[in-house]
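S.K.: Take a look and give me a structure for this.
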Amino acid sequence: MYKYNDLPGKKVLVTGASGDIGLGVCAKFLDQDCDVYALYKSNITPLAELKENHPGGKKLHIVQCDLACADSVTALCGHLTQVAGRIDVLINNAGIVKDSLFAAMSVDDFSVVMDTNMLSIFRLTKDALMLLRAAESPAIVNVASIAAIVPSVGQINYSASKGAILGFTRTLAAELAPRGVRVNAVAPGMIESKMVKKVSRTVVRGVTNSIPLKRLGTCDEVANTIVYLSSSASSYIVGQTIVIDGGLVMR
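M.R.: Numbering: from 1, shown residues only. Down below sits the predicted model:
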């Protein structure tokens with residue numbers, strides 16, 4: 001594991017922390033001796049296990065928050081102002097899927113995915129902006145998907161939300177860079193996770209065969225890239241999207 005000299009002691013806020021990628025991100029920042037504020041909506045169990053089992057678990061602070069609720073987000077940022085005083089790194093990772101073909105998709109299924117995957121990033125980032133500006137060299141990393149770049153049949157809501165994240169990232173980066181806040185995004189491909197285990201094995205095999213590396217990615221590989229973008233090692237990278245897909249989009 002590579003150690004970044006500027007990360008120990010940094011205060012990191014991670015949304016969607018109880019999912020596979022979120023847990024991987026939290027663990028990597030704990031490895032870097034950061035204070036991690038891990039947000040979850042309803043499933044605390046994986047985070048409680050990480051806190052108990054990780055050597056740096058005492059620096060994992062588990063916080064419940066419904067990012068779809070403006071009042072909950074405002075209360076969260078008020079709490080962080082009191083207990084942390086600043087946020088050095090914000091990882092916008094929360095997301096959901098509600099898949100179906102366009103002709104069968106309801107307006108509600110489209111709206112809830114857009115609200116959770118995109119509008120929640122707007123809400124939290126806006127409310128957390130003063131906390132970020134209180135830090136010396138703050139960074140924001142938004143988690144998108146290759147579904148924002150290539151067609152993903154049955155995921156028009158998910159693809160639209162992740163595509164919106166890429167546009168949001170570029171414009172926010174342009175606005176905040178002069179104020180010292182770096183904003184970037186990552187776009188994972190098919191990653192080994194509980195979500196992918198629900199996908200048809202035939203589909204997974206087909207995608208794997210299309211990946212030049214001939215394997216799925218891991219949550220650790222996504223987390224490593226996010227940690228890099230949060231450190232001073234990436235200090236001149238602004239407004240970019242790093243694709244983490246084993247070369248799938250390249251083809």
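S.K.: Residue 181 - how many residues pack around it?
M.R.: 21 (other Cβ atoms under 10 Å). Every residue, glycine included, has its C-beta placed from N, CA and C.
S.K.: Ok, residue 108 next?
M.R.: Per other Cβ under 10 Å, the neighbour tally for residue 108 reads 9.
S.K.: Please spell out which residues along stretch 63-83 are buried.
M.R.: Across stretch 63-83, burial judged by 16 or more other Cβ atoms under 10 Å covers 63, 65, 66, 67, 68, 73, 76, 77, 80.
S.K.: Show me what secondary structure element comes after the host helix or strand of residue 220.
M.R.: Assigning secondary structure by DSSP states H and E places residue 220 in helix 219-230. Per DSSP H and E, helix 219-230 leads on to strand 241-244 as the next helix or strand towards the C-terminus.
S.K.: mean confidence score for the helix holding residue 220?
M.R.: Averaging the model's pLDDT scores along helix 219-230 yields 98.
S.K.: rewinding a little: so which of the buried residues of stretch 63-83 are in helices?
M.R.: Those of the buried residues of stretch 63-83 mapping onto helices are 73, 76, 77, 80, per DSSP state H.
S.K.: And the furthest pair within the residues you listed?
M.R.: Spanning the widest gap among those are 73 and 80, at 10.7 Å by Cβ to Cβ.
S.K.: shared neighbours of those two, anything?
M.R.: By Cβ atoms under 8 Å, 6 or more residues apart in numbering, residue 73 and residue 80 have no common neighbours.
S.K.: Show the low-confidence segments of this protein, by residue range.
M.R.: Along the chain, the model assigns pLDDT under 70 to residues 198, 200, 251.
S.K.: where do the strands sit along it?
M.R.: Residue ranges of the strands in the chain, as given by DSSP state E, are 11-14, 35-40, 60-64, 89-92, 139-143, 182-188, 241-244.
S.K.: who are the neighbours of the third one, in terms of helices and strands?
M.R.: With contacts defined as 3 or more Cβ pairs under 8 Å, 6 or more residues apart in numbering; DSSP states H and E, the packing partners of strand 60-64 are strand 35-40, helix 45-53, helix 70-83.
S.K.: which one of the ones you listed lies closest to residue 134?
M.R.: Counting by Cβ to Cβ, residue 134 lies closest to helix 70-83 out of the helices and strands packed on strand 60-64; the figure is 8.7 Å.
S.K.: quick one: the closest one to strand 60-64, angle?
M.R.: 150 degrees (axes from the mean of the first three to the mean of the last three Cα atoms, to 10 degrees).
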